[in-house]
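Colleague: A predicted structure for the sequence below; I have some questions about it.
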2 protein chains.
Amino acid sequence: MAILSQTSEYALRAATVLAQHEDRGPVHVAVLADALEVPQNYLSKTLSQLARVGVLDSVRGKHGGFQLARPRNEITLFQVVEPFERFESVRRCLLGQPECNAKAACPAHAAWSALGDRVVRFLRHTTLADLAKGHTRWPNRAALRGNPG
Amino acid sequence: MAILSQTSEYALRAATVLAQHEDRGPVHVAVLADALEVPQNYLSKTLSQLARVGVLDSVRGKHGGFQLARPRNEITLFQVVEPFERFESVRRCLLGQPECNAKAACPAHAAWSALGDRVVRFLRHTTLADLAKGHTRWPNRAALRGNPG
DNA sequence: TCTAAATGTCATATTATCATGAGGTTATAG
DNA sequence: CTATAACCTCATGATAATATGACATTTAGA
């Protein structure tokens, strides 16, 4: 019961770091992967997908990397996570009833769909700015600064 | 983003039907699988697991099947779903922070852990009786009655 | 006791997710 | 122009969830 996939969490972590580096130029995938302790090639593929949908900019060549494509207060967690999740399935009836809505509700409908809605609403209403402003004890900041090792 | 696994949903659907048949003897897996439109062999394995942990009784031989091991108002959804979920991971930090709790919280901690708690609380506080009492349009009741075809 | 009907168990197939590795493509720096 | 450092793409492997099929085991009833 993880709610979000591993890949989505990687994307969120990376996006949070990029939000903290806003307007300071692109950050190398290698640095991000090291700081977040995430496999580099996998993160590369993940962030490329986010670039393709317009959440990130990718800069190729020397001094390249990834950066936010828009101001951090205009990027919601939902947008970061959307390419890696199938949000239709959150609306699936808990009891598998083919049609389950306010009119033809299974006994769990009201409670269960409220839970799904809460999750989606959180993701839609929270921006990277909200996450970046807080002070995390994570990621590994030494790695971000280019610590040897 | 499915919150619960497919297997858990099968278990919940089957348990709900058994709760509606409380004290009317065991129900064949074949009948359940037909009524719920779930693969029979897979459901068989799933229900056997629930029997092993004491949620269901399995009755072998002719006129066998599965039935609730306890009154339906004493079986929570959590108990039905627990064997198929890893509830530890619901407590995982959204941003992957190794330690994330009230003392050392990531910026998403309060909101995210509240969402996980709500899901768990719903599963712990809702019993099969709650689901059985409501009137679902599901499962296929013709199949439950032994309809030909 | 024999047979049929049911669960129990095991092996295997399928699919999606997660991850790794090699080599191609692009762009900067000198 | 060349070399280097970065992202990009593709191929492949590992793992877990989902699903199927064959056969063994158990039991009721004739």
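Modeller: Received, thanks.
Colleague: now A:Lys103, what's its secondary structure?
Modeller: Recorded secondary structure, A:Lys103: coil (DSSP: H, G, I helix; E, B strand; the rest coil).
Colleague: how near is it to A:His109?
Modeller: Here the criterion is Cβ to Cβ, to the nearest Å. By it, A:Lys103 lies 10 Å from A:His109. Backbone N, C-alpha and C define where each C-beta goes, glycine included.
Colleague: higher neighbour count, the two?
Modeller: A:His109 (19 against 6; other Cβ atoms under 10 Å in any protein chain shown).
Colleague: contacting residues for the more buried one?
Modeller: Contacts for A:His109 (Cβ atoms under 8 Å, 6 or more residues apart in numbering or on different chains) come out as A:93-94, A:100-102.
Colleague: ditto for A:Phe87
Modeller: If you count contacts by Cβ under 8 Å, 6+ apart, A:Phe87 has them with A:120, B:1.
Colleague: pull up the gap between it and B:Ser44, please.
Modeller: 32 Å.
Colleague: cool, A:Thr7 as well?
Modeller: 33 Å.
Colleague: and A:Pro83, by the same measure?
Modeller: Distance of A:Pro83 to B:Ser44, given as Cβ to Cβ: 37 Å.
Colleague: repeat for A:Ala114
Modeller: On the measure of Cβ to Cβ, A:Ala114 and B:Ser44 end up 33 Å apart.
Colleague: the more surrounded of those two?
Modeller: Neighbours were counted for A:Ala114 and for B:Ser44 using other Cβ under 10 Å; B:Ser44 has more, 16 against 11.
Colleague: quick check, that one in contact with B:Val31.
Modeller: No - using Cβ atoms under 8 Å, B:Ser44 makes no contact with B:Val31, being 12.0 Å away.
Colleague: spell out the secondary structure type for the residue lying closest to A:Ala51 once chain neighbours are set aside.
Modeller: Distances taken as Cβ to Cβ, 6 or more residues apart in numbering or on different chains put A:Ser58 closest to A:Ala51, at 4.1 Å, once the chain neighbours are dropped. Using three-state DSSP, the structure places A:Ser58 in strand.
Colleague: pretty sure A:Ser58 contacts A:Gln49?
Modeller: No - in this structure A:Ser58 lies outside contact range of A:Gln49 using Cβ under 8 Å: 10.4 Å.
Colleague: any common contacting residues for these two?
Modeller: Counting by Cβ under 8 Å, 6+ apart, nothing touches both A:Ser58 and A:Gln49.
Colleague: okay, strands next: where are they in chain A?
Modeller: Secondary structure of chain A, counting by DSSP state E: strands at A:56-59, A:65-68.
Colleague: deepest of those strands, which one?
Modeller: With neighbours defined by mean count of other Cβ atoms under 10 Å in any protein chain shown, none of the strands of chain A is more surrounded on average than strand A:65-68, at a mean of 22.
Colleague: wait, does it contact DNA strand C?
Modeller: No - if you take Cβ under 7 Å from any atom of the strand as the test, strand A:65-68 misses DNA strand C, and the best it gets is 11.1 Å.
Colleague: give me the helices and strands touching that strand, please.
Modeller: The helices and strands touching strand A:65-68, judged by 3 or more Cβ pairs under 8 Å, 6 or more residues apart in numbering or on different chains; DSSP states H and E, are helix A:6-20, helix A:29-36, helix A:40-52, strand A:56-59.
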